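Chemist: Return atomic coordinates for the entry below.
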Amino acid sequence: MKLKLQLKTLIKQTLLFIPVVYIPNLLAEDRLSYKGGFNLIHQHSSEQQLETDTSLSADLAVFYKSENDGVWHLHIEASSTPNQNGVAAILQDSNADSGSSLNDRDHGRVQISELNYTHSLTENTQLSAGLVDATGYLDTAEIMNDENHHFISSSLVNNAVIDFPDYVIGAALQHQINDQLSTRLFISSTHGIADNNSRNYSSLFEVNDDEKGLFTAIEMSYKTETHYLNTGGWLHSGQHQALNNPNQTDLSNYGLYLGAGLKKQKHQYEMRFGLANPEVSAACQFLSLAYLYSTNSWDLGLGYSTTRLSEELQGDYPKKNETAELFLHKHLNKHWFITPSVQWFNDPLYESDSIELDSPILTYNIRLSFEF
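Modeler: Next up, the predicted model:
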């Protein structure tokens, strides 16, 4: 009954925003566009200590093109309250879509996740600024970047060792050097909405906090119709504590990353690699691989990731953790999709003081998606 009430409330709150989209659309059809939808994900684990879990998330993205050809972007997001003993809450890598918008009590809510403006400085140079998502500009991919259609494992959506902030006040400068080569510079605060304990918007502007700093990254990309290559480096200057010395708290995190993809007819192949500062980052080395076979009515995906833990980490931890996922994404029609999947976790990181999980662990999932 509690879950039904949560779902009903979230859907009702999300639908309140739809008239905001439709009314301006009647006035400026050529300037306004939008897209959105929701994901309902049900997860069951082979580990009996993990409760069966169901999560709901919804997204609405609105784009408005101004008279000077700049583009405003608004992203409204909602999510259900995670089950504290459920698969998604305890297994950190099991569901990248769960709990994406929570308040300071870890309850699901409706929030504005992005509100930014993109302006063309020159024919080949764009500047985006405002409330942004760093993962939308850096280390992007074609298979391992979309929990709505492809993998739901977090390590098969983003690079596990990049110290990304959550939705954050920042700016991205992008320059197209030629048809294939581009570069981008990203600068933001180190603390986004979910990185602050209060999880409110006023905390985004509290720049004098001792723990806060700048997140900066620079990336080069080479892309053609059949393949791409991304490489970059990043710095998180916010205060970090040394893994082997709790008294040393003024360290920074930094790293390098590489991504590549190849498309050949119905087949796609992809990889990611990353390194982070082993003095402060528990996850210091990362590799993921993915394969996608696509048809007009369904997609089959297989992915694997391995994350090596720092030797400076204090306590009894495995040297690495591994994740694999197999999914079948079925197009029911233009708007509805269903995706059964199986995940395998070996020595996974998990958050619980009351249970001890054996390894490996399997989870059986099904995702129902609607898009408009």
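
Chemist: Confirm that residue 209 sits in a helix.
Modeler: No: membership of residue 209 in a helix is not supported by DSSP: H, G, I helix; E, B strand; the rest coil, which gives coil.

Chemist: which residues sit in contact with it?
Modeler: With CB atoms under 8 Å, 6 or more residues apart in numbering as the criterion, the residues that contact residue 209 are residue 191. All C-beta atoms are positioned from the backbone trio N, CA, C, and that covers glycine.

Chemist: swap in residue 290?
Modeler: By CB under 8 Å, 6+ apart, the contact set of residue 290 is 143-144, 151, 156, 268-271, 301-304.

Chemist: before we move on, which element is it in?
Modeler: In the assignment (DSSP states H and E), residue 290 maps to strand 283-294.

Chemist: list the buried ones in that strand?
Modeler: By neighbour count, and taking 16 or more other CB atoms under 10 Å as the criterion, the buried residues in strand 283-294 are 283-290, 292, 294.

Chemist: what's the answer for stretch 96-113, then?
Modeler: When neighbours are counted by 16+ other CB under 10 Å, the buried residues of stretch 96-113 are found to be 96-102, 108-111, 113.

Chemist: Low-confidence stretches in this protein?
Modeler: Flagging of the chain using pLDDT under 70 yields the residue ranges 1-29, 207-208, 210.

Chemist: just to revisit the earlier point, give the next helix or strand downstream of the strand holding residue 290.
Modeler: Counting by DSSP H and E, the next helix or strand C-terminal to strand 283-294 is strand 298-309.

Chemist: Would you list the strands that that following strand pairs with, along with their directions?
Modeler: Strand 298-309 has its sheet partners listed here by DSSP bridges as strand 283-294 (antiparallel), strand 320-331 (antiparallel).

Chemist: what residues does it touch?
Modeler: Identification of contacts with strand 298-309 by CB under 8 Å, 6+ apart yields 143-144, 149-151, 153, 155-156, 160-161, 282-294, 317-331.

Chemist: at 7 Å what do you get?
Modeler: The set of residues external to strand 298-309 that reach it, using CB atoms under 7 Å, 6 or more residues apart in numbering, is 143-144, 150-151, 155-156, 160, 282-293, 317-331.

Chemist: try stretch 239-247
Modeler: Applying CB under 7 Å, 6+ apart, the contact partners of stretch 239-247 are 210-211, 248-253, 279-280, 282, 310, 312-314.

Chemist: Only the buried subset of those residues, as a ChimeraX command please.
Modeler: Applying 16+ other CB under 10 Å to the contacts of stretch 239-247, the buried members can be selected in ChimeraX as follows:
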select :251,252,253,279,280,282,310,312,313
